[in-house]
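Asker: just need the structure, nothing else, for what follows:
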Amino acid sequence: MDEPHQSVVLFYKYFIHETSILSSGSSSIMTDIETFIRDACTKLHMRGRILLAVEGINGTLSTISPAEMQTFIDAMENYEIKGRHIFTHIDWKMSAVDDDLLQRNRHPFPDLKISIAKEIVSTGNVIPVHDIPKYGGTHLSPEEFHGILQKHQNLEGNDDEKELVVIDVRNTFEHAIGHFRYGHDKRSAMNPKMVTFSSFDAQFCATKADYLRDKKILIYCTGGIRCEKASVMLRKRGIDDVSQLSGGVHRYMERFPDDGFFQGRNFVFDQRVSLSPSGLSKDVTVVGNCVECGDEYDEISGSRLCTVCRDLVLICPQCVARLREYHCGLHSTWKHHYFTFLDTFDEEELREQMKGVVEIRNRTSQKNTRKTLMKQMTKMKDRIESLDSKQCKVERDAPRRCRTCHEPESGCDGLCWGFWKQSHSSGGVQMQKMPIAKGYSVRPGPDWNETRFGKKIDFNIGTVLELKSWNSGGFNDDCVSVAWDNDCKSKSSKGAQNINIYRWGALDMSGLPRFDLEVVTNSGS
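Answerer: Numbers count the residues shown, from 1 in each chain. Sure thing, here's the model as predicted:
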């Protein structure tokens, strides 16, 4: 069954009162819940993404119609475990699929993926779920949030009112295409400049706490889930006056589609990519700018990633045409020195780049940044040595490659990234999954990509640590994590364990399974 999906739902719930039930039982309880949800979704031909943890549930799903979606919601709300309905009191945020996606016969999601995780919003486990009711901010309805913004619009210089600061707790690329603008000067909401939410406390709250402590703080995100933990982080830093937008930008746009303070587009994590305040209208204010030339631009694509951190960036077509790789605002000073693909550079150019990378590394004390730069230096050194020994040559006309999968853009163009991934059928070809398990010994196999992983001769034997999902629409466990032995030449530092993820049956763009490895022995467990 492949009818177009026309209805999408966004939802979450923190199990504040249910945690004791879920954590007191064995892991089989979470497995039972996951099985129930998967069966309910499968019966209704749903697709999407769900994270399930002892602390809660976070999901976005699509299906054929609002009626089918309501059937799913009813099943969830009627589900009982240990005599308790754990999926009640959820704000189910419904939206439609735009005509453009339907006409291209594309679904919002390529498939269904349900994962059991430690957290439904990753913080590195620094915010336990029971902190949310204890430290969380004040919840504001869209009307209340809007009212505060209206009230402060004309309060310039009023000493009787606290200064208002609005903080966007989404990632940088989400903020780039749409955010709140407020005050008499139409200032933009503060952007913490995050690549991932897990950095919000250490990199933003810790450094801005003194400035924010005497301010009135409003925070918002897409649907409300990140605000629940962000408000805890802020209040634990001594910032008392914190309020959060209930239902996030999604509910605000529903209530104020034309005359609200939110400008631009609301990023959504599916193939619709973004929604405008007027529903699905194309006529919206462009607030985004190309990170290269500064022109107005707000179209996000999976093929336009920062070559350093792989964050989505806004690059206009004119700049795409003249650049081979892209750099986000955070790494804009690296753009003459740091490149993923070195095949187009000669020895002199690589040595100049090396000088720049060394200077950047000397200026930073951040451990992860220094590690990234050291790996790049090793990579450049190896390339220079290979050029000098004539083992390779400069390829000025080498095809541009996808930053994620390293395949030529002509065959991928970003369609391997996140929700842009497409499910493929095997075209009638019978696919046979080769056995593999934790503990198996492996070596580079038939589909090994030397551009991405390095030369085969530099790798000896590796051990499978874990089976994972590449999420390409192929097998359930279609990739593996591997630790290479001590003879591997690609280590960034002596004694470090080199771990990477490799395809084991993941489908390529033509729908064929790919195997980056081959089994040496099968001593797994």
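Asker: for K375, helix, strand, or coil?
Answerer: helix (DSSP: H, G, I helix; E, B strand; the rest coil).
Asker: swap in the one 4 residues further on?
Answerer: Following three-state DSSP, the label given to K379 is helix.
Asker: was I right to think it contacts L342?
Answerer: Yes: using C-beta atoms under 8 Å, K379 is in contact with L342, at 7.1 Å. Any C-beta I mention is one placed from the backbone N, CA and C, and that applies to glycine too.
Asker: out of those two, which sits in the busier spot?
Answerer: Legend: neighbour count by other C-beta atoms under 10 Å for K379 and L342, higher for L342 (22 against 18).
Asker: can you give me the distance of the more buried one to Q353?
Answerer: Distance, L342 to Q353, by C-beta to C-beta, to the nearest Å: 8 Å.
Asker: joint contacts of these two?
Answerer: Residues within reach of L342 and of Q353 at once, by C-beta atoms under 8 Å, 6 or more residues apart in numbering, are M380.
Asker: tell me the pLDDT at I457?
Answerer: pLDDT for I457: 80.
Asker: and what of the one 5 residues further on?
Answerer: Listed pLDDT for G462 reads 90.
Asker: give me phi/psi at it?
Answerer: phi -120, psi 160 (degrees, to the nearest 10).
Asker: how close does it sit to V520?
Answerer: Taken as C-beta to C-beta, the span from G462 to V520 is 9 Å.
Asker: quick one: which of those two has more around it?
Answerer: G462 (24 against 14).
Asker: residues in contact with the more buried one?
Answerer: S441, V442, R443, V482, A483, W484, D485, C488, L517.
Asker: remind me which residues of the stretch 1-150 of the chain are low pLDDT?
Answerer: Within the stretch 1-150 of the chain, the segments meeting pLDDT under 70 span 1, 24-26, 104-105.
Asker: how far away is N362 from K355?
Answerer: From N362 to K355 the distance is 11 Å (C-beta to C-beta).
Asker: for the closest residue to V520 other than its chain neighbours, give its distance to T404.
Answerer: Leaving aside its sequence neighbours, V520 sits nearest to S441 (C-beta to C-beta, 6 or more residues apart in numbering; 4.3 Å). Applying C-beta to C-beta, the value for S441 to T404 is 28 Å.
Asker: same question for N362.
Answerer: 30 Å.
Asker: where do the strands of the stretch 101-250 of the chain begin and end?
Answerer: Under the criterion DSSP state E, counting those that start in this stretch, the stretch 101-250 of the chain contains strands at 112-116, 138-140, 164-168, 178-182, 187-188, 216-220, 242-245.
Asker: which residues touch the second one?
Answerer: For strand 138-140, the external contacting residues (C-beta under 8 Å, 6+ apart) are I148, L218, V242, S243, Q244, L245, S246.
Asker: what does the last one show for phi and psi?
Answerer: Pointing back at S246 there. S246 adopts backbone torsions of phi -70, psi 130, taken as degrees, to the nearest 10.
Asker: the nearest residue to it once chain neighbours are set aside: neighbouring residues, count only.
Answerer: Using C-beta to C-beta, 6+ apart and skipping residues adjacent in sequence, the residue nearest S246 is H139, 4.6 Å away. By other C-beta under 10 Å, 16 other residues sit near H139.
Asker: and H139, what are its bridge partners?
Answerer: Q244 (DSSP bridges).
Asker: quick one: it from Y14, how far?
Answerer: Per C-beta to C-beta, H139 is found 13 Å from Y14.
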